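Q: need a structure here:
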Amino acid sequence: MLFLKCLVWITEVFFRGYQSRVYGKKKGCENMFETGEYIVYGKNGICQVMGVTTMDMEGIPKDRLYYILRPDGETEGTIFTPVDNKKMVMRRLLTKEEAEELIDEIPDMEVLSIENEKLREEAYKECIRSCQCRELMKMIKTIRFRKRDRLSRGKKITATDEKYLRTAEENLYTEFSMLLDVPKNKMEDYIRRRIKDDIKI
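A: Numbers count the residues shown, from 1 in each chain. Predicted coordinates:
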């Protein structure tokens with residue numbers, strides 16, 4: 001019984017992957033995500049591509065392709081999004097090597113240049129919306145430097161900094177945890193050891 005279930009699952013995965021490639025070639029989308037692949041999908045974070053389909057709904061072109069996505073960690077939730085969606089960021093995860101290289105760049109990485117404090121929150125939001133690991137890393141470094149400076153002057157971190165620091169760390173560490181096989185709650189320590197930063201803030 002277990003063997004049959006495994007066989008059915010393997011067949012479904014193979015068929016969905018075959019559908020993705022066939023649909024992609026028909027539509028001229030040669031760089032489509034593969035079934036089973038993990039991607040970053042906007043504010044939804046990491047999702048697994050479960051397949052590609054069309055939608056039989058009024059007002060939607062019959063030949064428009066949609067990814068079937070499942071947020072990582074969920075067993076039932078499903079998201080349908082157009083393959084050619086330009087409104088939401090969709091990208092492949094970094095490779096392990098790319099993640100390690102990015103971490104190694106932290107000591108020389110520039111912080112965000114925000115001259116007008118009134119625009120700080122919008123700058124943070126833009127980093128979050130970009131879904132790019134480098135921008136998230138720059139934002140984390142920026143806020144930690146600000147926090148370190150404020151603590152040295154007897155001040156606390158601002159509520160805005162605290163809020164966006166948590167969001168950036170959650171998004172970045174979730175991806176890095178999957179790539180580097182390090183628990184998310186241990187990622188900060190892992191990064192500090194790698195770049196030899198022993199200052200706790």
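Q: care to break this structure down by domain?
A: Structural domains of the chain, as assigned by automatic domain parsing, span the residue ranges 26-92, 96-195.
Q: where among those is average confidence lowest?
A: With a mean of 90, domain 26-92 has the lowest mean pLDDT of the domains of the chain.
Q: how distant is it from the center of its chain?
A: What separates the centre of domain 26-92 from the centre of its chain is 14 Å, taken as C-alpha atoms, centre = their mean, to the nearest Å.
Q: now do the helices in the chain.
A: 2-27, 96-104, 120-130, 133-152, 159-180, 187-195 (DSSP state H).
Q: for Lys87, find the nearest of those.
A: When the helices of the chain are ranked by distance to Lys87, counting by C-beta to C-beta, first place goes to helix 120-130 at 11.1 Å. For the C-beta atoms, the positions are set from N, CA and C on the backbone; glycine is no exception.
Q: still on that earlier bit, save the helices of the chain as CSV, and put in distance to Asn44 too.
A: Conversion of those to CSV gives the following (distance: least, C-beta to C-beta, whole Å):
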stretch, distance to Asn44
helix 2-27, 20
helix 96-104, 20
helix 120-130, 13
helix 133-152, 16
helix 159-180, 11
helix 187-195, 20
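Q: pull the longest strand from this structure.
A: As far as residue count goes, and with DSSP state E defining each element, the longest strand of the chain is strand 46-53.
Q: show me what that strand pairs with in its sheet, parallel or antiparallel.
A: Paired with strand 46-53 in the same sheet, following DSSP bridges, are strand 38-41 (antiparallel), strand 66-71 (antiparallel).
Q: Cys127 and Glu135 touch, don't they?
A: Yes: the pair formed by Cys127 and Glu135 meets the contact definition of C-beta atoms under 8 Å, at 4.5 Å.
Q: comparing these two, which residue is more hemmed in?
A: Each of Cys127 and Glu135 had its neighbours counted (other C-beta atoms under 10 Å), and the higher figure belongs to Cys127 (23 against 17).
Q: and the gap between the more buried one and Lys196?
A: Going from Cys127 to Lys196 by C-beta to C-beta, to the nearest Å gives 25 Å.
Q: now do Met88
A: Applying C-beta to C-beta, the value for Met88 to Lys196 is 38 Å.
Q: more neighbours: those two, which one.
A: Neighbours around Met88 and Lys196, counted as other C-beta under 10 Å, are more numerous at Met88. The numbers are 14 against 7.
Q: any idea how far Asp197 is from the more buried one?
A: Looking at Met88 against Asp197, where the rule is C-beta to C-beta, the gap reads 34 Å.
Q: related to what we said a few turns ago, so which of the strands paired with strand 46-53 gets nearest Ala168?
A: strand 38-41 (13.6 Å).
Q: please consider this matter closed, and thank you.
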